[in-house]
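Colleague: sequence? don't have it. structure:
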Ligand SMILES: [Mn+2]
């Protein structure tokens, strides 16, 4: 049987003032095409289905369309675990009912993990994102030896090994940061480092370990692998990553990486204002621009946004020769209040910083004008 391994869809992730939904819908179309073309027998999603535990309506709609297409229309079972970005109880709502439709969702870790049996030879053990304390609570008799996340993984995996049938293909589906994995800009929580890394040795004895959490597709060991996110979610090193999904043949255990093509790419560019304006080929892509010959103020940002609708951030020349220019993110515009706009206007046009007295006066004027509008 062919199993498709994917992870880190991050449905609902914001992109500037918009979302990544167009790219994510293109991924869904390509996922369905691959399933049909390759005769895929099951799909494994290793967590971070959503970008946030409080997913919005359009992200939930996209999730609905995805599982309806895969489990419903194509009739292919899907095994899914909650990642650190997901809300475990929300993601796994109605899980018993959904199992009958071929959707196997695990929100929280349990002590005796019931494997999902696929085809005639494969068992999948779902390990949703968990912390050390959860494992201590599930295995109170081993509390003393569980001092780190690595110990916790060791306890959970050895408990699986005690009961698993070695005559089957035993696959672990997990959401974790494994030592040696290379991070990208969009691996926010892994970068912060509160999610400790575990060594690959905890996964000894399994036939395949389908990992999620890290967004760069990569092989950790011959049978331990990150599919990576199917789409780019940041600039920098992630711009140059080829994104996709992994196909695993459970008879030969052969693995194949299949690329996913997004309609909107991520591109960083550093050039003069005139040269950037000439780049009509960039209009369809997410951009991080550095304008080398101008100050990046609100006017310049507005002009660039008109030409490049997927623009995410601009950095320009510093106001002073020695200063560092902070990049201006498109979504920051939403957060600017009247005082911020006035200060930026004065800084950009007159290199002037208002005094506290002038700011107080400005506040008073704002209050007056507000009363005027209401009255
Ligand atoms: Mn993720």
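Modeller: Perfect, I can see it now. The shown structure was predicted, so the numbers you read here are calculated from the model rather than taken from an experiment. Residues are numbered from 1 along each chain as shown.
Colleague: residues touching the closest residue to residue 34 other than its chain neighbours, list them.
Modeller: Leaving aside its chain neighbours, residue 34 sits nearest to residue 258 (5.8 Å; criterion: Cβ to Cβ, 6 or more residues apart in numbering). Where you see a C-beta, it was placed from the backbone N, CA and C, and this is true even at glycine. For residue 258, the contact set (Cβ atoms under 8 Å, 6 or more residues apart in numbering) comprises 34, 38, 244-247.
Colleague: angles on the backbone of residue 258, please.
Modeller: Here is the backbone geometry of residue 258 (degrees, to the nearest 10): phi -110, psi 120.
Colleague: strand partners (parallel or antiparallel) of the helix or strand harbouring residue 209?
Modeller: Taking DSSP states H and E as the definition, one finds residue 209 inside strand 208-212. Sheet pairing of strand 208-212 (DSSP bridges) gives strand 169-175 (parallel), strand 224-226 (parallel).
Colleague: quick one: the helices in the stretch 201-350 of the chain, in order.
Modeller: When assigned using DSSP state H, counting those that start in this stretch, the helices of the stretch 201-350 of the chain occupy the ranges 273-277, 298-307, 332-335, 338-350.
Colleague: so which of those helices gets nearest the ion?
Modeller: Proximity to the ion, assessed across the helices of the stretch 201-350 of the chain by Cβ to the ion, is greatest for helix 332-335 (23.7 Å).
Colleague: shaky segments in the chain?
Modeller: 188-195, 318-326, 333-334, 348-349, 372-375 (pLDDT under 70).
Colleague: could you redo the last one with a cut-off of 80?
Modeller: Applying pLDDT under 80 to the chain flags the ranges 188-196, 296, 318-336, 344-345, 347-351, 370-375.
Colleague: domain map for it?
Modeller: 2-259, 266-374 (automatic domain parsing).
Colleague: deepest of those, which one?
Modeller: Highest mean neighbour count among the domains of the chain (mean count of other Cβ atoms under 10 Å): domain 2-259, with a mean of 18.
Colleague: hmm, who's touching the host helix or strand of residue 31?
Modeller: Assigned by DSSP H and E, residue 31 belongs to helix 21-38. Here helix 21-38 makes contact (Cβ under 8 Å, 6+ apart) with 2, 4, 6, 9, 11, 40, 43, 58, 62, 65-66, 69-70, 73-74, 76, 230-231, 245, 247, 258, 260-264.
Colleague: how far out from the middle of the chain is it?
Modeller: In terms of Cα atoms, centre = their mean, to the nearest Å, the gap separating the centre of helix 21-38 from the centre of its chain is 17 Å.
Colleague: ok, then the element right after that helix?
Modeller: Next in sequence after helix 21-38, counting helices and strands by DSSP H and E, comes strand 42-45.
Colleague: and that following strand with the ion, contact?
Modeller: No. Residues of strand 42-45 contacting the ion under Cβ under 5 Å from the ion: none, with a closest distance of 11.4 Å.
Colleague: helices and strands around the longest strand seen in the chain, which ones?
Modeller: In the chain, taking DSSP state E as the definition, the longest strand is strand 286-295. If you count contacts as 3 or more Cβ pairs under 8 Å, 6 or more residues apart in numbering; DSSP states H and E, strand 286-295 packs onto strand 266-271, helix 273-277, helix 298-307, strand 311-317.
Colleague: export these to JSON lines and tack on distance to residue 175?
Modeller: Shown next, in JSON lines, are the helices and strands packed on strand 286-295 (distance: least, Cβ to Cβ, whole Å):
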{"stretch": "strand 266-271", "distance to residue 175": "24"}
{"stretch": "helix 273-277", "distance to residue 175": "39"}
{"stretch": "helix 298-307", "distance to residue 175": "36"}
{"stretch": "strand 311-317", "distance to residue 175": "27"}
